[in-house]
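> Build me a structure from this.
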Amino acid sequence: TIIYNSLINMNERLPSSKKEDGPFVIAYIGNVYWAQIQALQNLIKAIELLKEIPIQLNIYTTNTKKHLNELGIYESERITFTTCLPEEVPAVLSASDLSFVGLSFDTEYPLLINTSSPGRLCDFLRSNTPILIHSPKESFISTYARKNDFAFVVDVNDYTLLAQEIQHIIEHRNLSAEKVKKAQEIGLLHHSAEKNAKLYYQILSDK
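As a prediction, this is how the structure comes out:
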């Protein structure tokens, strides 16, 4: 029996605060270490390929600038390092055009990668912001998203394909609305704390 990570306030929805003008804003939220670095590096390379499209990548992390620089990630006109409190995450997502979730492809611990689930998955699902997942095909998050069609997925280690997908998302905003709707449906179906608590206690009672 799978009991998914969940939120008490999964039903809450924040109105979108995205700006009609300005760059296309991509938000990455979380730490950056070996488990994510390859995906994030691919994202940066993909953005570099899309020179004609105004894109802003905001990296919300508690990691230091020195740490990120050591991993080959630097601030620029299109990349910003910042941070936010846990309770500010919904507002950050609301103001972004795309949420990026990534896991590395070539690591010494593929089983760990393949069984990982983003800590902020519930926030992503309940937001009004489309999700872009870049992780191995056999990973849980890629499989889960493809099965339920709640996110855009690039599951091969190729930043050119990632760039093509980002351009496709920007040029077909109607597809994003469909993904957002499905993400919210999956959030309510699998990630409600109230439902999961009842399931948990039912399992304990049966034992």
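> Only alpha carbons, please: show the helix or strand containing Leu93 as CSV.
Using DSSP states H and E, Leu93 maps to helix 89-94. The C-alpha trace of helix 89-94 is given here as CSV (Å, rounded to 0.1, in the frame of the first residue of the first chain):
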residue,chain,number,x,y,z
VAL,A,89,6.9,28.6,-1.6
PRO,A,90,3.3,28.9,-2.8
ALA,A,91,3.7,32.6,-3.6
VAL,A,92,7.0,31.9,-5.4
LEU,A,93,5.3,29.3,-7.6
SER,A,94,2.3,31.5,-8.2
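> can you pull the buried residues of that helix?
Val89, Pro90, Val92, Leu93, Ser94 (16 or more other C-beta atoms under 10 Å). No exception for glycine: its C-beta is placed from N, CA and C like everyone else's.
> Go through those and say which is closest to Leu132.
Of all the buried residues of helix 89-94, Leu93 has the smallest distance to Leu132: 12.6 Å, by C-beta to C-beta.
> how close does the closest one get to His191?
Per C-beta to C-beta, to the nearest Å, Leu93 is found 15 Å from His191.
> likewise Asn9?
11 Å.
> Which one's more surrounded, the two?
Shown here are Asn9 and His191; by other C-beta atoms under 10 Å, His191 has more neighbours (18 against 11).
> Dihedrals phi and psi, the more buried one?
phi -120, psi 20 (degrees, to the nearest 10).
> And the one 5 residues further on, by the same measure?
Backbone torsions for Asn196, taken as degrees, to the nearest 10, come to phi -70, psi -30.
> Could you tell me which helix of the chain is the longest one?
helix 173-190 (DSSP state H).
> Just the CA trace of that one, in PDB.
The C-alpha trace of helix 173-190 is given here as PDB (Å, rounded to 0.1, in the frame of the first residue of the first chain):
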ATOM      1  CA  ARG A 173       0.300  27.900 -23.200                       C
ATOM      2  CA  ASN A 174      -3.000  26.000 -23.600                       C
ATOM      3  CA  LEU A 175      -1.200  22.700 -22.900                       C
ATOM      4  CA  SER A 176       0.100  24.100 -19.600                       C
ATOM      5  CA  ALA A 177      -3.500  24.800 -18.400                       C
ATOM      6  CA  GLU A 178      -4.300  21.200 -19.100                       C
ATOM      7  CA  LYS A 179      -1.300  19.900 -17.100                       C
ATOM      8  CA  VAL A 180      -2.100  22.200 -14.200                       C
ATOM      9  CA  LYS A 181      -5.600  20.900 -14.000                       C
ATOM     10  CA  LYS A 182      -4.400  17.300 -14.000                       C
ATOM     11  CA  ALA A 183      -1.800  18.100 -11.400                       C
ATOM     12  CA  GLN A 184      -4.400  19.500  -9.100                       C
ATOM     13  CA  GLU A 185      -6.600  16.500  -9.600                       C
ATOM     14  CA  ILE A 186      -3.800  14.100  -8.700                       C
ATOM     15  CA  GLY A 187      -2.900  16.200  -5.700                       C
ATOM     16  CA  LEU A 188      -6.400  15.900  -4.300                       C
ATOM     17  CA  LEU A 189      -6.600  12.200  -5.200                       C
ATOM     18  CA  HIS A 190      -3.300  11.000  -3.800                       C
END
